[in-house]
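**Q** could you look at this predicted model? Sequence included:
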Amino acid sequence: MFSGIIADVGLIKSAKDRDGGLRLTVNTEALGMDDVQLGDSIACNGVCLTVVKLDGNDFTVEVSRETLNCTTGLGEQGKHLNLEKALRLSDRLGGHLVSGHVDGVGEVVAFNDIGESWRLVVRAPQALAKYIAMKGSITINGVSLTVNQVSGAEFEVNLIPHTLDVTTLNELKVGSKVNLEIDLIARYVERMLTAEEK
């Protein structure tokens, strides 16, 4: 589990083909690798991946073809990634509970400066729209955010300057693809309601 509070922006140093999937080596300066071990989970742009190799400030993860098929932004050498280590039970939960299991890929339809913050509008896949609620939580590329407005499959969030400074969201533009994870609570509420109907 993660919180959606980004600890560092890493850089993909290499992205090598591995039986249809990828083997990524990522460099991080501020994540703090001293307590990371082989087999630990690190969220990369919101995708929970397992560390298979450690080398100083570099770590390597393997990404399956299935994961590549349902996410965006993991396969390009030189690309920046939002990074977060898995939570410990003693950690503060600054964002919201995030599983690192991407539910779908959205598209940026507006991104503009509104003075004290930036307004980001994303179009979610239609199947996810029912899970996105005003003042609810959403994860975009691993970043925990609050939904301000919803209209059909489009939703709006505000990004403060600090968030833009410490994440890759400052690289977004109209047409950019983003990884989305809906709030865990919404997913389980729907499951409970549909299970009762059957």
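**A** In hand now; what should we look at?
**Q** shouldn't L74 be within a strand?
**A** No. With DSSP: H, G, I helix; E, B strand; the rest coil as the criterion, L74 is assigned coil and is not in a strand.
**Q** and it, what's its pLDDT?
**A** pLDDT, L74: 94.
**Q** isn't it up against V47?
**A** Yes. If you go by Cβ atoms under 8 Å, L74 and V47 touch, sitting 6.4 Å apart. For the C-beta atoms, the positions are set from N, CA and C on the backbone; glycine is no exception.
**Q** tell me, what's touching those two both at once?
**A** Residues touching both L74 and V47 (Cβ atoms under 8 Å, 6 or more residues apart in numbering) are 63, 67.
**Q** settle it for me: which of the two has more neighbours?
**A** Neighbour comparison, L74 and V47: the larger count goes to V47, with 25 against 22 (by other Cβ atoms under 10 Å).
**Q** OK, contacts around D183?
**A** By Cβ under 8 Å, 6+ apart, the contact list for D183 reads 96, 131, 133, 136-138.
**Q** and with 6 Å instead?
**A** Listed by Cβ atoms under 6 Å, 6 or more residues apart in numbering, the contact set of D183 reads 136-137.
**Q** likewise the one 10 residues further on?
**A** If a contact means Cβ under 6 Å, 6+ apart, then L193 has no contacts.
**Q** same check, this time on V157
**A** 120, 145, 148.
**Q** buried sites along stretch 63-71?
**A** Neighbour counts over stretch 63-71 (16 or more other Cβ atoms under 10 Å) mark 63, 67, 71 as buried.
**Q** tell me how far the ends of it are from each other?
**A** Start-to-end span of stretch 63-71 (Cα to Cα, to the nearest Å) is 11 Å.
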